[in-house]
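# kindly return the folded structure for what I paste below:
(one chain, ligands or ions: 2)
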Amino acid sequence: MSQFITVQVGQCGNQIGSAFWPLVLHEYGIRTSESDINFLKTQKNYNKNTNELCDAFNSFFHVPNSNSDLAFKSVQELVSAKVKARAVLIDMEDSVVGRFKQGSLRNLFDQTCTVTNYPGSANNWAVGHYTHGAEYHDKICETIRKFVEKCDCLHGFLVMHSLGGGTGSGLGTATLKILDDNYPHVDRFVSCVYPAGTQDVITAPYNALLATKELTDHATCVFPTENKALQDICYAQMNRKENSDQAKYNASCRPFQDMNSIIVNMLLHLTSGSRFPGSLNTDMNELATNLVPYPQLHYIFSSVSPATLTAPTISITQKTKFQDELFTNAWSRNNQLIKVDPLQSESVVLGAAHILRGNASLTDIRKNIERFQSKARFTDWSKEAMKVGLCSVPPAGHPASVLSLINSTSMSLMIKDVVHQFDKLYKKKAHVHHYLQVENFEEDNFREARSTAINVYEGYTELQNQEAVNEPRLRLV
Ligand SMILES: Nc1nc2c(ncn2[C@@H]2O[C@H](COP(=O)(O)OP(=O)(O)OP(=O)(O)O)[C@@H](O)[C@H]2O)c(=O)[nH]1
Ligand SMILES: [Mg+2]
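Ligands and ions are numbered 1, 2, ... in the order given. The predicted structure is shown next:
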């Protein structure tokens, strides 16, 4: 089974990580607290083949004794077997990483694989990228190398961060560059939160644009999300009538936790084909080949159904079969992790994939693929091409689910917005001096980043505007 190393950078990256690890354990049927017992019983009904779970356990965890029985049931058993999460925790302030060191899963994290400082990168990409990037370069290389050497079939890195602050965007992309330089043949999948629609960091437009350049240059695939879109999913889920008032109240007290669970759900879904068996297995590298026609146009829209909030209190579905409704919801604007519309009439789909988890019949799949093909407009070189993955292990808390992944020209709108927000601030040269006083940062960084983003934007719009060419039938002479 494929192995992954997660790299969590900055406050947001590490908070996504805090949601990631309990959900991973739930997926393998391992309880993280006593209250999980009922939840895990329901899950067992959905997935009776525990061997599949055990075989895949190495994907995210390093088990030192290769003869160990992998049928772990509790965190205590993992700790006794000296199991470690393959996670690198990086933040330039130490409070979020500190919670990992004190939380109930603390013994699953190798304390030597954390890189922290104080007091952060001051919401400044240049501080994260250049100052901390230079200072921690060797430590980050060394930490990652230790994990890589313990893998016998490393498939990819999963990088988690936000682009609004200084550490996730700046040091996160410096780390991505380290991965690209040192392991160019290992895929780098990036899950990043774009600051669209939120106004909590005034320099976010600079940080997002500078980071976008690095993501364009060094990532294999980027799965962007936006907090506004995640919030909308959370509100809709919270207000479902089957949730109790207590569950709704609990959910309203932990907004980021639930928003992050949706991202995690997407990541677990994305990697499921590389971790578990299935009758139509789709590996992550096949996804990259199918979804990315040109190296820079690797921004992938994602949408997942059903959306999973923090397990185990909320949002357990009772239906046991694949329903058309699952697909319809996956294409609905309410379940999108980013607010662009890949199915609107002007958008052109460059590549699409659907990953199904649970038991799906081929008739169901065929019918829904046809439905998707009738809704979407494809390029004329890849008419209606769509990758389908079937993974027999369902996600935690649900009997079945669908992840829709689309590389669409509508991603140009996200890039256009990043450039637009940047231009508004840069026109006034507001806050620019904070960046210019950082060693190695130059005004040219802004210009280059803008030009890379414009290239990506134009790459997408050119394909969108391409007239379908009616080639005459080939004539042999
Ligand atoms: N979805 C989500 N967004 C978050 C979370 N934490 C922060 N954000 C968003 O991320 C952006 C700020 O980035 P942070 O991750 O806090 O910043 P950082 O990377 O730690 O960088 P510095 O604090 O500047 O060193 C803002 O737009 C926040 O709304 C989180 O847990 N989940
Ligand atoms: Mg921070």
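# from here on, just use CA atoms for contacts and neighbour counts.
Fine.
# show me which residues of the stretch 251-400 of the chain are close to ligand 1?
Proximity of the stretch 251-400 of the chain to ligand 1 (C-alpha under 6 Å from any ligand atom) is limited to residues 256, 259-260.
# most neighbours among these, which one is it?
Of all these, the most densely surrounded is residue 259 (28 neighbours; neighbours counted as other C-alpha atoms under 10 Å).
# what's it in contact with, if anything?
Applying C-alpha atoms under 8 Å, 6 or more residues apart in numbering to residue 259 gives the contacts 227, 230-231, 234, 309.
# next: residue 375.
Neighbouring residues of residue 375 by C-alpha under 8 Å, 6+ apart: residue 343.
# buried residues in the longest helix seen in the chain?
Longest helix in the chain by number of residues (criterion: DSSP state H): helix 443-465. Across helix 443-465, burial judged by 16 or more other C-alpha atoms under 10 Å covers 445-446, 449-450, 452-454, 456-461, 463-464.
# for ligand 1, give me its nearest residue in the stretch 201-350 of the chain.
Residue of the stretch 201-350 of the chain nearest ligand 1, by C-alpha to the nearest ligand atom: residue 256 (4.8 Å).
# quick check: closest non-adjacent residue to that residue.
Of all residues not flanking residue 256 in the chain, residue 15 sits nearest, at 8.0 Å (C-alpha to C-alpha, 6 or more residues apart in numbering).
# so which helix or strand takes in the one you found?
Secondary-structure element containing residue 15, defined by DSSP states H and E: helix 10-27.
# what helices and strands are in contact with that helix?
Counting contacts by 3 or more C-alpha pairs under 8 Å, 6 or more residues apart in numbering; DSSP states H and E, helix 10-27 is packed against strand 3-9, strand 87-91, helix 95-102, strand 154-162, helix 255-275.
# and the next helix or strand past the fourth one?
Read it as strand 154-162. Per DSSP H and E, the helix or strand that comes after strand 154-162 is helix 172-182.
# and the last one, by the same measure?
For helix 255-275, the following helix or strand on the C-terminal side (DSSP H and E) is helix 284-291.
# picking up where we left off before, packing partners of the longest helix of the chain?
helix 204-218, helix 411-427.
# just to revisit the earlier point, quick one, what contacts the residue nearest to residue 256?
Residue 15 sits next to 96, 256-257, 260 when contact means C-alpha under 8 Å, 6+ apart.
# would you reformat those residues as TSV and include pLDDT?
Converted to TSV, the contacts of residue 15 look like this (pLDDT from 0 to 100):
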residue	pLDDT
96	94
256	88
257	88
260	95
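# which residues touch the longest helix of the chain?
206, 209-210, 212-213, 216, 296-297, 346-348, 379, 408-413, 415-416, 419, 436.
# before we move on, back to that, highest average neighbour count across the helices and strands packed on helix 443-465?
Highest mean neighbour count among the helices and strands packed on helix 443-465 (mean count of other C-alpha atoms under 10 Å): helix 204-218, with a mean of 26.
# and that one with strand 154-162, angle?
Interaxial angle, helix 204-218 versus strand 154-162 (axes from the mean of the first three to the mean of the last three C-alpha atoms, to 10 degrees): 170 degrees.
# state the next helix or strand along the chain beyond helix 204-218.
Counting by DSSP H and E, the element after helix 204-218 in chain order, helix or strand, is strand 221-226.
# what about residue 111, neighbour count?
By other C-alpha under 10 Å, neighbour count at residue 111 equals 13.
# do you know how far it is from residue 84?
10 Å (C-alpha to C-alpha, to the nearest Å).
# residue 30 contacts residue 73, doesn't it?
Yes - between residue 30 and residue 73 there is a contact under C-alpha atoms under 8 Å: 4.6 Å.
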